[in-house]
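1. Sequence below, structure please.
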Amino acid sequence: MNEFTPVYNVKAETKYHFKKEILDLNKAESELNKEIWFQNYTANSALLKRHKKADMLFNDKKWAQQECLLVGAGPSLDLDIEYIKKYRKNVNIICVDSALNPLIQNGIKPNFVFTKNCGEAIVDLFSGFPTNDLKIVANLFQSPELFKKCKSDFYFYVPFDEDVFLNNFAQFNPQLPKLLNKPSTFVMAFILARCMSFKTIYFLGADFCFETKDKIYCKDVLYKENTYNPAELCNLENIFLDKVPTYKSLFYSSEDLFRIIATESLNTVYNCSQNSILYNLNWLPFEEIMKRVEAKKTSFFDTATVQHSTGDVQIDQMNDITMNYFKALMSKSMFKNLKRYEKEYNIGELFKTKGSYDDKHCLVCGAGPSLNDNLELIQKYREHFTIFGVDSSLRPLYKNGIEPDYVLTIDPCDTSLFFKDYKSDRTRLIASVHTHYKGIEAWMNKICFYFPLPIKKFDYWLLSLIEGYNKIPFLTPFNNCGSTSIVLALDLGFKDIAVTGIDFSYTGDRWYTQEAVTEDIFGLEKIDDAEKIERNFHRMGLEKVKNCVGEDVYTDVTFKTYAATLEGYLKVNDVKNVTNVSRSILKIPYMPFEEYINKNIIS
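-> Next up is the predicted model:
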């Protein structure tokens, strides 16, 4: 299964669904239940005279200026139940049927309960508390026992889809309001909320994963039987990159839901669930949003309409992938890094030194395999350069007696292992404020914080939400640490810039230079032969190319994009003072490092 899909690749796989598997699940459900559905509809149709239709909710314009909290029954709901109680008055609550009792037990009455499934187990979810004052959005195909038991106000709908039974039923009953059928009750509840046109929709308990076989739901869910199904089990990364168990069907539903949101309402939906596999969505803690709404009496989501483009489609797309993949982790780290940020410098201090490097040499070190070729010379002539290193280069440099002046980190994954054994005070870290909080905790020296130039509204909202960051300088992310370091060095105005270890290829059939620990961070075996490259990166569009010294090396689509965008930037800006001094696929001026030193340092 593909665990992550970039936003710009979103497209429907069937007439109504973004995942073909959703249609397959629906067809199987329809084939199994169509007879009982029709029997239930026949028994329930008389209820339409005494109750309402769901389209009454669709047509009420008042929702457009109000906010909705959509509550699922995932285990993480337990972590936020107190905040729902505290900020209840700020939102309209729509909960799925399984989340009703957990809310009721905590003194929270939802505005609407959404239910869809026809099994008898659903009736149990409405037991043990009064139901006469509830408003339930219900499927006319559900068990008549549910409507006999609950003395509630019902808003009826029927599901539709492209399978024969549901399609024909919809055609013959145009008078009935319809909602697109989905296997997930939560996803259909979201479709209801979108039909009601709420201004903003927040998710809680939208985990689409669970903790253990004994903790599939939050507390107080009234299912009598444990529905754990090991045959459907798979382990995926959640939005914080932790491995979690889930079911394939839940994964398909989460991917389908993300696509619905991405194509319709990406900037009006916020996943606040503290454990979830709903990638690509804006993520913020519900408490952090609500306490600021209470204080300011306004929504910061109404502001920040600026959107930034680097001018290069490939760079924008790759930045987009990074930002969306790490979006939840970035937000979480920004809240955790705030105290450290308030005690440290920001990159504005470095920008103030522009103009003081006109006669100085700069060396930018990546962690590609070719870095190892030049370590001896770098150590010998270290004091002749201002050295910028990418985060993964620190350990190889330090192990060889070289301390860079600056190390730049840009990816929000856990980089703490890069910094684990560094025990000196010369190097300053240039870090985004959404650098993984464990990496910031591991770094004992000074930090220059920055914020990657915002690309989306969400980035501005984060800066507006967390007041302490409101004056932080921006830095343009150039889709990887090495290229970003080169562009920063150019901006600072160095006389000349040498580049080493930025191979953008698997030089010598290695991924990274010796002493680098990047494979450990990614949980991969050490990549040091062609077979391991092919085994681990076969999906990356591997191909053999010639590097700058005529060697045959593997590269891939990502590396080629990195190289092409940097080459394009240097060409468009007519940059003449950047030289590649190690083996790389970069099509820029090349000179062996020893020759470069003789020409620029010794002579």
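
2. what comes up buried for stretch 110-124?
-> Pro110, Phe112, Val113, Phe114, Thr115, Lys116, Asn117, Cys118, Ile122, Val123, Asp124 (16 or more other C-beta atoms under 10 Å). Any C-beta I mention is one placed from the backbone N, CA and C, and that applies to glycine too.

3. So for that stretch, mean pLDDT?
-> Mean pLDDT, stretch 110-124: 93.

4. Do me a favour and get the end-to-end distance for it?
-> 18 Å (C-alpha to C-alpha, to the nearest Å).

5. that older thread, with the buried residues of stretch 110-124 in mind, which one is nearest to Leu241?
-> For the buried residues of stretch 110-124, the residue nearest Leu241 by C-beta to C-beta is Phe114; the value is 30.8 Å.

6. hang on, the earlier thing: and the furthest pair within the buried residues of stretch 110-124?
-> Using C-beta to C-beta, those reach their maximum pairwise distance at Pro110 and Cys118, which is 21.7 Å.

7. Tell me which stretches of the stretch 201-350 of the chain form strands.
-> Assigned by DSSP state E, counting those that start in this stretch, the strands in the stretch 201-350 of the chain fall at 233-237, 243-247, 269-271, 282-283, 345-346.

8. Could you dump those into a markdown table and include distance to Lys327 and mean neighbour count?
-> As requested, the strands of the stretch 201-350 of the chain are exported to a markdown table (distance: least, C-beta to C-beta, whole Å; neighbours: other C-beta atoms under 10 Å):
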| stretch | distance to Lys327 | mean neighbour count |
| --- | --- | --- |
| strand 233-237 | 13 | 14 |
| strand 243-247 | 17 | 18 |
| strand 269-271 | 9 | 25 |
| strand 282-283 | 6 | 23 |
| strand 345-346 | 22 | 17 |
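
9. for the protein, what's the longest helix?
-> For the chain, the helix with the greatest residue count under DSSP state H is helix 20-44.

10. residues in contact with it?
-> 13-14, 16-17, 118, 140-144, 147, 156, 158, 161-166, 169, 181-183, 248-249, 252-253, 256 (C-beta atoms under 8 Å, 6 or more residues apart in numbering).

11. pLDDT on that helix, on average?
-> Helix 20-44 shows a mean pLDDT of 94.

12. Return the set of buried residues in it.
-> The neighbour-count check on helix 20-44 (16+ other C-beta under 10 Å) flags 21-23, 25-27, 29-30, 33-34, 37, 40-41, 44 as buried.

13. if I look at the spatially closest residue to Phe208 that is not a sequence neighbour, how far off is Asp207?
-> Spatial nearest neighbour of Phe208, chain neighbours left out: Ser254 (4.0 Å); criterion: C-beta to C-beta, 6 or more residues apart in numbering. For Ser254, the distance to Asp207 equals 9 Å [C-beta to C-beta, to the nearest Å].

14. can you list residues touching both of those two?
-> Jointly contacting Ser254 and Asp207 under the rule C-beta under 8 Å, 6+ apart are Ser276, Ile277.

15. Just want to know which of these two has more residues nearby.
-> Asp207 (30 against 26; other C-beta atoms under 10 Å).

16. show me what contacts the more buried one?
-> Gly72, Gly74, Pro75, Ser76, Ser273, Asn275, Ser276, Ile277.

17. Now for the fourth one, how many residues are close by?
-> Right, the one you point to is Ser76. 21.

18. again with the third one
-> The burial count assigned to Pro75 is 22, neighbours taken as other C-beta under 10 Å.

19. how far away is it from Ser485?
-> Counting by C-beta to C-beta - Pro75 and Ser485 are separated by 41 Å.

20. got the strands of the stretch 201-350 of the chain as JSON lines, with distance to Arg194 and mean pLDDT columns?
-> Shown next, in JSON lines, are those (distance: least, C-beta to C-beta, whole Å; pLDDT from 0 to 100):
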{"stretch": "strand 233-237", "distance to Arg194": "26", "mean pLDDT": "91"}
{"stretch": "strand 243-247", "distance to Arg194": "24", "mean pLDDT": "93"}
{"stretch": "strand 269-271", "distance to Arg194": "9", "mean pLDDT": "93"}
{"stretch": "strand 282-283", "distance to Arg194": "16", "mean pLDDT": "89"}
{"stretch": "strand 345-346", "distance to Arg194": "40", "mean pLDDT": "90"}
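
21. quick one, which of these is nearest to Phe474?
-> Here strand 345-346 is closest among the strands of the stretch 201-350 of the chain (C-beta to C-beta), at 10.4 Å.

22. State the next helix or strand along the chain beyond the strand ranked longest in the chain.
-> Longest strand of the chain, by residue count under DSSP state E: strand 153-160. Sequence-wise, the next helix or strand downstream of strand 153-160 (DSSP states H and E) is helix 164-172.

23. What residues of the longest strand of the chain count as buried?
-> Phe154, Tyr155, Phe156, Tyr157, Val158, Pro159, Phe160.
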